[in-house]
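**Q** structure for this input, please:
(chains A and B)
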2 protein chains.
Amino acid sequence: MKKNNQFENSKNNIFVNINGAITDAQSAKVSVFDRGFLYGDSIYEVVYSQNGVIIFLNDHIDRLYNSANILKIDFTFSREELISQILKTAAYSNIKDAYIRIIITRGQADIDLDPNSSDNNNVVIIVKNKKDHAKTFYENGIKLFIPNIVRNNINSVNPNAKSGNYLNNVMAISEAKSAGADDGVMKNSIGNITEGTSFNIWIVKNGMLKTPPVSSGLLKGITREKVLNICEQNKFNINTDPFNEVELLQADEVFITSSTRGIMPVHMINDTIFGSTVNDWPITIKVAELLKEKIKDEANCMEYKYI
Amino acid sequence: MKKNNQFENSKNNIFVNINGAITDAQSAKVSVFDRGFLYGDSIYEVVYSQNGVIIFLNDHIDRLYNSANILKIDFTFSREELISQILKTAAYSNIKDAYIRIIITRGQADIDLDPNSSDNNNVVIIVKNKKDHAKTFYENGIKLFIPNIVRNNINSVNPNAKSGNYLNNVMAISEAKSAGADDGVMKNSIGNITEGTSFNIWIVKNGMLKTPPVSSGLLKGITREKVLNICEQNKFNINTDPFNEVELLQADEVFITSSTRGIMPVHMINDTIFGSTVNDWPITIKVAELLKEKIKDEANCMEYKYI
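**A** Alright, predicted model coming up:
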């Protein structure tokens, strides 16, 4: 019961915008006929803010539209309206360093699998305090595990659409936690590495940075894109060919990227140790510094400032 | 807007039980922090009633437990409590021929992919009028299409768990409808036939009845099981080896099974026609009659009578 009580207590600092109306966490509800609830028929994005500025919002909205395109979800609102609602909710929260989740469902209708049965969206925007990930993950690395569960096939539920069908990832993190790890990194059905349950994965080998291609079955991470750009600009060797578990475990350094985590070094995967202090990940730390610079620039940009 | 208006009008005859409290459709809501809404982290069953008796409820509850077991969802209530709530809601509705959907989610907590972050379920029971499928489907057959989208891999999201991750099926029916068909039947990644978007598929060839095995990647349908039993009892030849699209399209008869549809003959798949009147499906019609007898027996059983 403890966990739920903690959630109850934290609910005071959560603000939820449902189709334009802002409410508290307790009252934030959707219909049981919403297709997001019935089928996971929804898409979402997570962005965060630094000192009242939403970081890389434009990229995330672009990706939201890409997810909608893959899943053929029509929007009954404009991009400008959506961004305005996000900024409105963030401003209302008065939280300067916020976690912001934007969920768009295919709407509600009488129960019917056919997506054409509904013709309006439900738009949910959740704003709350951004939880800092434990310092130890950045200083000593995160512990990963490769579960037996494999990543969804591109031809079944395309992982490049960030959707409400997340059981694949839920079961993967569950398996990883049971194995004593912090999180899981998944293979596809032909054994190539894809991505983590909520992050992209990178390896460094002989000075070369590698991350799997979207064709291996993964979400094109915004931070993944930023890091690819940083590597290009700084003349690092980069490669996005598929690689398997053997190559992953033989890497000199391993790190993960995600919007809320930035760059986080990997301590170990299964039984293989890659490093335990920042000295063990020289290239990872270098790229992490460059990413922080880029985010600092973004945080100075006034476009998505709401406080 | 028309479709939604129809839904608004039909809402009067819908009753929803949320964690023990019965409400109308309009007020039936769940938290946006419910894991069913966030991740499709839920399981469900659909049962129906005939003249105030729920048909095969025991089998459906067994399967609900099996889905929970596959997805490691713990229940914070007993089987007896769940059945009692289902019967209570059905009785309250006063609907004699009802569609009943039972949804169990992993509950709500602060946003966290880890399933251990939540330790209580949300239980939603929806009771409404059972829509009769159009007579023409039984007299002239349903039109199916094999979409490009393939069924979820058993090692990714096991189709034998009836979960809230239904985008795979949503996209398949969408593709089938776009092709002018009524519904879709899906292949797995190695080209074997699995199941329809919400039904099992059967073929008849030279007097032998065949339906794909669970290992091909499908939900073990309750009606599928009943029909297998009927075939055994009546000395029909049955076979549950995997088969592919070629074998499917060369069948003498094709039919589908589901709890709400019973047995429905298939008119055509893609461009191949199997029949257009009941005379074209002699074995299908024979088995359908035997199934109707079995259901009539069940409807005379008092165990799950609520009116």
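
**Q** for the stretch 151-300 of chain A, just list every one of the helices.
**A** Assigned by DSSP state H, counting those that start in this stretch, the helices in the stretch 151-300 of chain A fall at A:167-178, A:222-233, A:245-249, A:282-299.

**Q** in a markdown table: those, plus mean neighbour count.
**A** C-beta here means a position set from N, CA and C on the backbone, and glycine is covered the same way. As requested, the helices of the stretch 151-300 of chain A are exported to a markdown table (neighbours: other CB atoms under 10 Å in any protein chain shown):
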| stretch | mean neighbour count |
| --- | --- |
| helix A:167-178 | 23 |
| helix A:222-233 | 19 |
| helix A:245-249 | 16 |
| helix A:282-299 | 17 |
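
**Q** kindly reformat the ones you listed as a markdown table containing mean pLDDT and distance to chain B.
**A** Converted to a markdown table, the helices of the stretch 151-300 of chain A look like this (pLDDT from 0 to 100; distance: least, CB to the nearest CB, whole Å):
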| stretch | mean pLDDT | distance to chain B |
| --- | --- | --- |
| helix A:167-178 | 98 | 4 |
| helix A:222-233 | 98 | 17 |
| helix A:245-249 | 98 | 15 |
| helix A:282-299 | 96 | 22 |
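
**Q** got a markdown table for the ones you listed, with distance to B:Glu195 too?
**A** Formatted as a markdown table, the helices of the stretch 151-300 of chain A follow (distance: least, CB to CB, whole Å):
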| stretch | distance to B:Glu195 |
| --- | --- |
| helix A:167-178 | 18 |
| helix A:222-233 | 35 |
| helix A:245-249 | 31 |
| helix A:282-299 | 45 |
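
**Q** what's the burial count for A:Asn140?
**A** Neighbourhood size, A:Asn140 [other CB atoms under 10 Å in any protein chain shown]: 16.

**Q** quick one: contacts for the residue nearest the centre of chain A?
**A** Centroid check for chain A by CA atoms, centre = their mean gives A:Ser198 as the closest residue, at 5.0 Å. Going by CB atoms under 8 Å, 6 or more residues apart in numbering or on different chains, A:Ser198 touches A:Asn169, A:Asp183, A:Ser258, B:Leu113.

**Q** what's the pLDDT at the closest residue to chain B within the stretch 201-307 of chain A?
**A** Going by CB to the nearest CB, chain B is nearest to A:Gly217 of the stretch 201-307 of chain A, at 9.6 Å. Here, the pLDDT recorded for A:Gly217 equals 98.

**Q** so it touches A:Asn152, yeah?
**A** Yes. With contact defined as CB atoms under 8 Å, A:Gly217 counts as touching A:Asn152 (6.8 Å).

**Q** need phi/psi at the residue nearest to the centre of chain A.
**A** The phi/psi pair for A:Ser198 (degrees, to the nearest 10) reads phi -150, psi 30.

**Q** quick revisit: can you list residues touching both of A:Gly217 and A:Asn152?
**A** A:Asn158, A:Pro159.

**Q** just for chain A, where's the confidence low?
**A** For chain A, the stretches flagged by pLDDT under 70 are A:1-10.

**Q** and if we set it to 80?
**A** Within chain A, the segments meeting pLDDT under 80 span A:1-12, A:119.

**Q** contact partners for A:Gly164?
**A** A:36, A:40-44, A:103, A:105, B:37-40, B:167.

**Q** list buried members of the residues you listed by neighbour count.
**A** Neighbour counting with 16 or more other CB atoms under 10 Å in any protein chain shown marks A:36, A:40-44, A:103, A:105, B:37-40, B:167 as buried within those.

**Q** residues in contact with the residue in chain A that chain B sits nearest to?
**A** Distances between chain A and chain B by CB to the nearest CB are smallest at A:Gly40, namely 2.6 Å. By CB under 8 Å, 6+ apart, the contact set of A:Gly40 is A:Ser163, A:Gly164, A:Asn165, A:Tyr166, A:Leu167, B:Tyr39, B:Gly40, B:Gly164, B:Asn165, B:Tyr166, B:Leu167.

**Q** check contacts around A:Ala181.
**A** Per CB under 8 Å, 6+ apart, neighbours of A:Ala181: A:Lys143, A:Leu144, A:Phe145.

**Q** same question for the second one, what's its three-state structure.
**A** Remark: A:Leu144 carries the secondary structure label strand [criterion: DSSP: H, G, I helix; E, B strand; the rest coil].

**Q** count the residues that sit near the residue lying closest to it once chain neighbours are set aside.
**A** In this structure, A:Leu144 finds its nearest non-sequential neighbour in A:Ile269, 4.6 Å apart by CB to CB, 6 or more residues apart in numbering or on different chains. Look at A:Ile269: counted by other CB under 10 Å, it has 23 neighbours.
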